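Novice: Sequence first, then the predicted structure, then my questions.
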Amino acid sequence: MALAIFLRTAAALAVLTPTPALDVKQAADAMPMIIDTDIGIDIDDSWAIALSLLNPKFSVKLIVTASDFWPTLRRQTQVLADFLTRGHQKVPIGTGVTQERVEVPPNVNPQAIFTPESGFNLTSYAGPVYDDGVAAMVRVIREQQSLGRKTVLLAIAPFTNLAHALTVAPDIAKSTVVVAMGGSLAVGEGMSSGKFPEMNIKTNISAAQTVFKAPWAEFHLVPLDATANVQLKGPAYAKLLQSKTNASGGLLEALLHDYRYWATACPWANEGVSRAEPDIRSSDIYDAVAAFLSAELGTDSKRSSLDMVPLMLAVNESGFTEICNQSLEIGAAAAQHACSKWASPRPLSTAVGWRPWGRDHFDAYVDGLLLGSR
């Protein structure tokens, strides 16, 4: 199956047509961006997508769906197209690849979570739809590469598509700036103490190992240490609920609509202290933090909102993220093996927490883009 996927992608690379320009107002020097997303499983992807589309710093060239469970993947592309349509967007989209396994975890119900609006079909989407999203990803990066430009790749999903892209086109790494949400260093879900095999990593461990070890132009990581329990609440969230502006072009309305639906349909939306409460606050919006970090690229380190630390990282065989530039405890065989085999080629810029002013800046960033005041 892996060979078949490789050949399908290689063939598609030769026939894809040029990507149409995104129909939004952007800065003249907007950075090209690709978003790799597992939208449809959790609502945080929708926040990150909306924020990236509305940020004039970026020109979103392509959004690709990612999942390791084929029964959900095509539906996720429908969910993406439906969300973008209601947000009056027509950015090119594509469907990614999957691992060879096809089973769906018991807590992922493709019929329940984020079913597209009644009657919506991919043929109704106004923008291009690529069956081979990875081939489209490679072509966009090479297209920008030929213009002497780097592409920002916002990775907010399991790393299957990125690993496959590296397999068919290893040259793309040198001109790609990856900003990824994934991993856990010392904080687990719900701010629990101790590292945790985070979902984007453990869903496809071998893909994560490949991606962490690749020679990307830049790699910026936002693990659970900086994303757990990040919610929009209080006045910042109330402003969104009370907004009468259409500055987002419909994305804010689509986002709040889907949040309400997800809050009732998702099996884990009402679990724990961070349960979904659409009338009061957002849920944990992990991926929105990655979108925020991408917006801060180039910011002076003394002014950055997130506490960024250069760390040599590797993913072990159980899906834990290991720090390799520290003394490993004797007997820590899994960490030692991972670091000897899968360590990043150089330290990765890693968010280990927030600066004192960081969360206020984050709230202002979200509101500013969604309400058109930024």
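Specialist: Here it is on my side, so go on.
Novice: Look up the closest residue to the most centrally placed residue in the chain, ignoring the ones flanking it.
Specialist: Taking Cα atoms, centre = their mean, the centroid of the chain lies closest to Ile156, which sits 1.7 Å from it. Spatially, and ignoring its direct neighbours in sequence, Ile156 is nearest to Asp287 (4.0 Å; Cβ to Cβ, 6 or more residues apart in numbering). From N, CA and C alone the C-beta is placed, and that goes for glycine too.
Novice: all helices for the stretch 1-150 of the chain, in order.
Specialist: 2-13, 44-54, 70-86, 133-146 (DSSP state H, counting those that start in this stretch).
Novice: State the mean pLDDT of the first one.
Specialist: Averaged across helix 2-13, pLDDT comes to 39.
Novice: Please list all residues in contact with the residue nearest to the centre of the chain.
Specialist: 35-38, 44-45, 48, 180-181, 200, 286-287, 290-291 (Cβ atoms under 8 Å, 6 or more residues apart in numbering).
Novice: Repeat the analysis, applying 6 Å as the threshold.
Specialist: Residues counted as contacts of Ile156 (Cβ atoms under 6 Å, 6 or more residues apart in numbering) are 37, 45, 48, 181, 287, 290.
Novice: Identify the residues contacting the closest residue to the first one other than its chain neighbours.
Specialist: With Cβ to Cβ, 6+ apart as the criterion, Thr37 has its nearest non-adjacent residue at 4.7 Å, and that residue is Asp45. Shown here is Asp45, whose contacts under the criterion Cβ under 6 Å, 6+ apart are 37, 39, 156, 287.
Novice: and the end-to-end length of stretch 147-164?
Specialist: End-to-end distance of stretch 147-164: 24 Å, with Cα to Cα, to the nearest Å as the criterion.
Novice: just how off-centre is that stretch within its chain?
Specialist: Taking Cα atoms, centre = their mean, to the nearest Å, one finds stretch 147-164 lying 9 Å from the centre of the chain it belongs to.
Novice: do stretch 347-361 as well
Specialist: That offset, for stretch 347-361, works out to 17 Å (Cα atoms, centre = their mean).
Novice: First-to-last residue distance for it?
Specialist: OK, stretch 347-361 end separation, Cα to Cα: 26 Å.
Novice: buried ones in it?
Specialist: Residues of stretch 347-361 classed as buried by neighbour count (16 or more other Cβ atoms under 10 Å): 348-352, 354, 358, 361.
Novice: What of stretch 229-249?
Specialist: Quick answer for stretch 229-249 (16+ other Cβ under 10 Å): 230-232, 236-237, 239-240, 243, 248-249.
Novice: need the residues you listed in TSV with distance to Leu306 and secondary structure, can you?
Specialist: Output for those, formatted as TSV (distance: Cβ to Cβ, whole Å; DSSP: H, G, I helix; E, B strand; the rest coil):
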residue	distance to Leu306	secondary structure
Val230	11	coil
Gln231	16	coil
Leu232	16	coil
Ala236	18	helix
Tyr237	21	helix
Lys239	23	helix
Leu240	22	helix
Ser243	27	coil
Ser248	24	coil
Gly249	28	coil
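Novice: With respect to Leu297, which of those residues is nearest?
Specialist: Closest approach to Leu297 among the buried residues of stretch 229-249 (Cβ to Cβ): Val230, at 18.8 Å.
Novice: Quick check: the closest one vs Trp354, distance?
Specialist: If you measure Val230 against Trp354 using Cβ to Cβ, to the nearest Å, the figure is 9 Å.
Novice: With Arg75 instead?
Specialist: Counting by Cβ to Cβ, the gap from Arg75 to Trp354 is 35 Å.
Novice: same deal with Ala207?
Specialist: 28 Å.
Novice: now swap in Val177 and tell me
Specialist: 22 Å.
Novice: who are the neighbours in contact with Val309?
Specialist: 350, 352.
Novice: Can you tell me how far the residue nearest to Ile280 when sequence neighbours are not counted is from Ser318?
Specialist: Of all residues not flanking Ile280 in the chain, Lys233 sits nearest, at 6.7 Å (Cβ to Cβ, 6+ apart). The spacing between Lys233 and Ser318, counted by Cβ to Cβ, is 34 Å.
Novice: One more: Thr37?
Specialist: 25 Å.
Novice: pLDDT below threshold where in the stretch 251-374 of the chain?
Specialist: Counting by pLDDT under 70, the stretch 251-374 of the chain contains low-confidence ranges at 272-274, 326-332, 374.
Novice: Much appreciated, bye for now.
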